[in-house]
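Undergrad: Below is the structure, and that's it, no one-letter string:
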């Protein structure tokens, strides 16, 4: 659906859209196709007038393990791919901030890197008991330009945001709820997310969508303050020796 790559599965259940990050054998790590698909998905959802709410989850054991190391290596070596990837990252962030319909995250396992960013930009978040969030951009030598550091200061204290963005430390599900990064810890996040989606579908559509827009105007305003600097800074760090050395080390250890 929506002409997505195989790495993103979109299914329709009436006005409900179920989005599945679909690289289970790679823990839904982000490659170019998945990244590009996410960049185009949100606008297509908004333009689909038959869609009223979406649930996003991951196939298999993870929500998303973050960037595929081979993909990051390719970006570090290919300037054209780097430019496209940065532009796609910008579209993911703004697309989620501006998406017409509510997006509910069913975090069934680790949500790392871009996976963590997608969770941060979702409207309601259900996390499995063993799931966790982490943004390890800085650990590998990249500027954390999308998602987490852009919106975390709206969701938790700036001091807490700095700690997790600068160290890449894991945030267990219960801690995520405590901090304000998730709504609920549940045994079956997909079932709970689908239940919440169906409850939203019972409400007046225009009231839901306009209320979401009011709330996300604050998100979008805060994102736009820093997004240009953040993406430019991240693009620069893709070419640093530190990033390249870290990726080679991580590839050898896998």
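TA: Looks like it came in fine. This structure is a prediction, so every number in the text was calculated from the model and none was measured.

Undergrad: which stretches of the stretch 101-250 of the chain have low pLDDT?
TA: Applying pLDDT under 70 to the stretch 101-250 of the chain picks out no residues at all.

Undergrad: which residue ranges form the strands in the chain?
TA: Assigned by DSSP state E, the strands in the chain fall at 8-13, 16-21, 53-58, 103-107, 111-112, 124-128, 132-134, 171-172, 184-186.

Undergrad: what's the most buried one of those?
TA: strand 111-112 (a mean of 30; mean count of other Cβ atoms under 10 Å). For glycine as for every other residue, the C-beta is placed from the backbone atoms N, C-alpha and C.

Undergrad: residues making contact with that strand?
TA: Applying Cβ atoms under 8 Å, 6 or more residues apart in numbering, the contact partners of strand 111-112 are 58, 62-66, 105, 118-119, 131-136.

Undergrad: Please name every helix or strand in contact with the lengthiest helix in the chain.
TA: Secondary structure assigned by DSSP state H gives helix 205-237 as the longest helix of the chain. For helix 205-237, the packing partners by 3 or more Cβ pairs under 8 Å, 6 or more residues apart in numbering; DSSP states H and E come out as helix 79-98, helix 148-155.

Undergrad: which of the contacts of strand 111-112 lies closest to residue 200?
TA: For those, the minimum distance to residue 200 (Cβ to Cβ) is 13.9 Å, reached by residue 105.

Undergrad: distance of the closest residue to the closest one other than its chain neighbours from residue 216?
TA: Leaving aside its sequence neighbours, residue 105 sits nearest to residue 122 (Cβ to Cβ, 6 or more residues apart in numbering; 3.9 Å). Using Cβ to Cβ, to the nearest Å, residue 122 is found at 11 Å from residue 216.

Undergrad: if we can go back for a sec, can you give me the angle the longest helix of the chain makes with helix 148-155?
TA: If you take axes from the mean of the first three to the mean of the last three Cα atoms, to 10 degrees, helix 205-237 sits at 130 degrees to helix 148-155.

Undergrad: Only the buried residues of helix 205-237, if you could.
TA: For helix 205-237, burial by neighbour count (16 or more other Cβ atoms under 10 Å) applies to 208-209, 212, 216, 219-220, 223, 227, 230-231, 234-235, 237.

Undergrad: And these, which two are furthest apart?
TA: Using Cβ to Cβ, the buried residues of helix 205-237 span at most 39.0 Å, a distance reached by 208 and 237.

Undergrad: Run the chain-centre distance for stretch 24-33.
TA: Computed by Cα atoms, centre = their mean, to the nearest Å, the chain-centroid distance of stretch 24-33 equals 13 Å.
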